[in-house]
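>>> Fold the following, please.
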Amino acid sequence: MSSKEKILEEMSLFSLGGEGIGGWIKPDADDLIFDRLSTVESDPLTKVQLDQLLALGHEAPVSDVFFRYYWLEANTSHPYRVTKIPGFKDDYLKSKAITSLEHLKWGLYRLFVDALLYFGNVRTAYRKLRSMTREEHEAFFDRRKFDTDLIKSRGPALPLMNIAKDDRYLISEMACKSYGDGAGSTGDLKNALVEAFKRHKENSNGAVTIWQLLSGKEVESGYAGRQSEFIFSAVDVLDDSVTQEAELLEKYERLATRFARARKVALRNTEYYLSMVNDLDVYVATSMRGRDDFRKMASDCETIFKDDRLKDPQLRYFDPTLSAAASHEDKGLIECLMVKCAKVLVYCAGEKESYGKDAEAAMALSLGKPVLFYCDEEQRRRFYRDVHPLSRLIEFETGVAVGAMVTDNFGQVCELLSRIFENRREYTLEQPKPGYLKLRENLTGSVVRLQTSDRLLAETFWNHYHARDPVTGSRN
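A predicted model of the protein is given here:
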C-alpha cells in the first residue's frame, strides 16, 4: 500500500493546483481518492472507478475511448512514440484497468504531452479529448503526423542543376547589383574598376591590385555605400595585379561570364523549386555575407541531406546556395511561399544574423512547424543565456506556445529530421515551479512547449485569443 504522502510525491508532476485535471490529486483532496489509489497494485483501477475519483476531485469523467487510448493502448499511429513516455511497460497493453501508480502516471504523462503540443494547456485538452469518439481521436492525431510511407514512396524529384561551390557566391543579390542582371547590361562594378584604374594611371605607371582599386577613395566617394558590395563580388581577383586597362577588363569579363552562367542556372533552379513547392519538406534559412559563407552552406546542406538516416525519405529541401530571383521583391515572395509550404525549417546560424532569416524562422514557428536551429557551441550558450525571442512565440492559429530545437551538432540535426518525418520524437515533461509546465525535446533538451502558472495571464490569454473580431464577427 502507498501512503498519502507517497502518492502525492509520485503524482506531483501532474498536480498543478487549482481545479480540473491538474488539481484532482492534491493535499486537500478527498481521502477516498488516496485510499483507492493506495491499493491500485493489488486491485486494478477500472474506468468506472477512475471516473468516480475524478468526480471526487471535481473533474468530469472520461469516455471509454479516452480511457483505452491513454492507458490500455500504445498507438503506433500517434505523432510521437508513446512507448518512449517514462514508465511504459508492455504489460499495460494486456490489461483492462490501471494496474499501478506508474501505469496511471504513464497515461497522464501522455495526456499532458498531447495537451502542450496541440492545445497549449492541459485543462482545455482534457475537456476536448475526454469525450471524442474513436474516429474523432484518430482524425485529430492523423492530421498532426507525417505520412511517412507516402513520403518514402514518392520517388525522386526532378534534379536541380549544379553550380560549382566556388561560384555560388555569384548568385547573391550583391553580385547581381555589381554585374547587372545578366541580360547584356553593364554592371557598376566594371565602371568603378575602369574609373579607378584611370585615376591610378594619372598618378602612376606601376602595377596595382584589384583590391587597391576598389578600396581607394575614388570608389568610396563615387559609389557611396557600395564599396563592400564590389569587393565581395570581385573576391576571386582581389590580389591580382594589372598594368593595362585591357588586362583589367579581361579579368572582369572572366568573372562576369562566371556570374552570368551561375545566375542563369540559379534562376532555372528557382523554377524547379516552385514546381515542387507543394511537396517541399525542408526549408533551409541562412544569411550568407561572403564567399566562404556560400561554400560552407553548400557543404552543410550536403552533410545533412546526404546522411544515411535521410536516404529513404528522399527529402525535398531548399538549398539557398542554388537559387536566385529576378528581383529582390520576387525573392521575398518566393521565400515566404516556401516557408509556408515546407513541413520543417532548418535555421543555420552564421557569425551575424539577419532580419530576413529571423523573420523566416519566426514565420515557421508561428505556423506551428518544427524549427531546428543549428549553431556553434558558443552561439547555443548565448541563445539560451539571452533567451532568444524566437524561443517564445505562439502558433497563430491555435495560440499554443512554441519553441525551436537548438543544437550545435550536425548529427543531431540529421537525427531530428529523421525523427520528425518518422513520427518518433521523444519528450520530457517538467514542472520547474508549481503549476508551470515545460515540455523538452529529448535529443537537444530544448523547450518546445510551455504552460504558464500565472493565472491572470493564462485566463486573459485564452479568454481573448480566440475571441470574435468585433468588426468581422469571425474568431481571431
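
>>> nearest residue to the spatially most central residue of the chain other than its sequence neighbours?
Here the mean C-alpha position of the chain is nearest to the C-alpha of V371 (Cα atoms, centre = their mean), at a distance of 0.5 Å. Counting by Cβ to Cβ, 6 or more residues apart in numbering, A404 is the residue found nearest to V371 once chain neighbours are left out, at 4.3 Å. Just so you know, the C-beta spots here come from the backbone N, C-alpha and C atoms, and that holds for glycine as well.

>>> Kindly report the same for W24.
G57 is the one closest to W24 (Cβ to Cβ, 6+ apart), at 2.6 Å.

>>> List the residues that contact that neighbour.
Shown in contact with G57 (Cβ atoms under 8 Å, 6 or more residues apart in numbering): G23, W24, I25, A29, D30, I33.

>>> Quick check: of those, which lies closest to T257?
G23 (72.1 Å; Cβ to Cβ).

>>> so what's the closest one closest to, chain neighbours aside?
G17 (5.8 Å).

>>> In a strand, that neighbour, correct?
No. Counting by DSSP: H, G, I helix; E, B strand; the rest coil, G17 is not found in a strand; it is coil.

>>> residues contacting it?
Neighbour list for G17: G23, K26, P434, G435, S453 [criterion: Cβ under 8 Å, 6+ apart].

>>> Tabulate these (JSON lines), appending pLDDT.
Listed next are the contacts of G17 as JSON lines, based on pLDDT from 0 to 100:
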{"residue": "G23", "pLDDT": "91"}
{"residue": "K26", "pLDDT": "91"}
{"residue": "P434", "pLDDT": "93"}
{"residue": "G435", "pLDDT": "93"}
{"residue": "S453", "pLDDT": "92"}
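
>>> can you pick the most crowded of these?
Tallying neighbours with other Cβ atoms under 10 Å puts G23 at the head of the contacts of G17, with 19 neighbours.

>>> Got phi/psi on that residue?
Main-chain torsions, G23, degrees, to the nearest 10: phi -130, psi 10.

>>> can you check R425 too?
phi -70, psi 160.

>>> Tell me which helix or strand comes right after the worst-scoring helix or strand of the chain on mean pLDDT.
Least confident element among the helices and strands of the chain, by mean pLDDT, DSSP states H and E: helix 377-386 (a mean of 66). Counting by DSSP states H and E, the next helix or strand C-terminal to helix 377-386 is strand 393-394.

>>> Walking through the stretch 151-300 of the chain, point out its helices one by one.
Here the stretch 151-300 of the chain has its helices, by DSSP state H, counting those that start in this stretch, at 173-179, 188-203, 210-215, 217-222, 227-233, 245-275, 291-305.

>>> Report the buried residues of the last one.
By 16 or more other Cβ atoms under 10 Å, the buried positions in helix 291-305 come out as R291, D293, F294, R295, K296, M297, A298, D300, C301, I304, F305.

>>> Stretch 11-31 now?
Under the neighbour-count criterion of 16+ other Cβ under 10 Å, stretch 11-31 has M11, F14, S15, L16, G20, I21, G22, G23, W24, I25, K26, A29 buried.

>>> distance between the ends of that stretch?
15 Å (Cα to Cα, to the nearest Å).

>>> From the chain's centroid, how far away is that stretch?
Computed by Cα atoms, centre = their mean, to the nearest Å, the separation of stretch 11-31 from the middle of its chain amounts to 34 Å.

>>> what about the residue nearest to D142 when sequence neighbours are not counted, how many residues close to it?
Of all residues not flanking D142 in the chain, S77 sits nearest, at 6.9 Å (Cβ to Cβ, 6+ apart). By other Cβ under 10 Å, the residues close to S77 number 9.

>>> need the contact list for S77.
By Cβ under 8 Å, 6+ apart, the neighbours of S77 are E138, F141, D142, K145.

>>> tell me the secondary structure for the closest residue to T452 other than its chain neighbours?
Once flanking residues are discounted, T452 sits nearest to A458: 5.5 Å by Cβ to Cβ, 6+ apart. Classification of A458 using three-state DSSP returns helix.

>>> Could you check how many residues crowd around A458?
With other Cβ under 10 Å as criterion, A458 counts 17.

>>> Can you give me the pLDDT of it?
The model reports A458 with a pLDDT of 90.

>>> Surely it touches R123?
No. Applying Cβ atoms under 8 Å, one finds A458 not in contact with R123, separated by 9.2 Å.

>>> tell me which element F112 is part of?
Per DSSP H and E: helix 101-118 holds F112.

>>> Can you check the pLDDT for the closest residue to C375 other than its chain neighbours?
Nearest residue to C375, sequence neighbours excluded (Cβ to Cβ, 6+ apart): A349, at 3.6 Å. What the model reports as pLDDT for A349 is 83.

>>> Show me which residues of stretch 190-204 are buried.
K190, A192, L193, A196, F197, R199, H200.

>>> Below-threshold pLDDT in the chain: ranges please.
1, 182-186, 351-354, 381-392, 468-476 (pLDDT under 70).

>>> Show me the strands in it, by range?
Applying DSSP state E to the chain gives strands spanning 208-209, 241-242, 282-285, 317-318, 344-348, 371-374, 393-394, 401-402, 405-407, 427-433, 436-441, 447-451.

>>> For the longest one, list every residue counted as buried.
Right, strand 427-433. Y427, L429, Q431.

>>> about what we covered before: closest one of the contacts of G57 to F318?
For the contacts of G57, the nearest to F318 is G23 (46.3 Å; Cβ to Cβ).

>>> Go ahead and confirm the closest one touches M11.
No. The pair G23 and M11 does not pass the contact test of Cβ under 8 Å, sitting 11.3 Å apart.

>>> which residues does the nearest residue to F305 once chain neighbours are set aside bridge with?
Distance criterion Cβ to Cβ, 6+ apart; nearest residue to F305, sequence neighbours excluded, is Y317 at 5.6 Å. Y317 forms beta bridges with V282, as assigned by DSSP bridges.

>>> any idea how far the residue nearest to C176 when sequence neighbours are not counted lies from K165?
Closest residue to C176 apart from its sequence neighbours, by Cβ to Cβ, 6+ apart: R263 at 6.7 Å. Counting by Cβ to Cβ, to the nearest Å, the gap from R263 to K165 is 16 Å.

>>> Give the residue from the two that has the larger number of neighbours.
The neighbour comparison of R263 against K165 (other Cβ under 10 Å) goes to R263, with 23 against 16.

>>> For R144, list the residues it contacts.
For R144, the contact set (Cβ under 8 Å, 6+ apart) comprises P79, L117, Y118.

>>> Can you list the neighbours in contact with stretch 235-243?
Contacts of stretch 235-243 (Cβ under 8 Å, 6+ apart): 166, 169, 197, 205-211, 214, 231, 248, 251, 255, 290-291.

>>> let's go with 7 Å and repeat that
A207, V208, T209, I210, W211, I231, L248, K251, L255, R291 (Cβ atoms under 7 Å, 6 or more residues apart in numbering).

>>> Go through those and name the one nearest D51.
Of the contacts of stretch 235-243, the one sitting nearest to D51 (Cβ to Cβ) turns out to be R291, at 66.9 Å.
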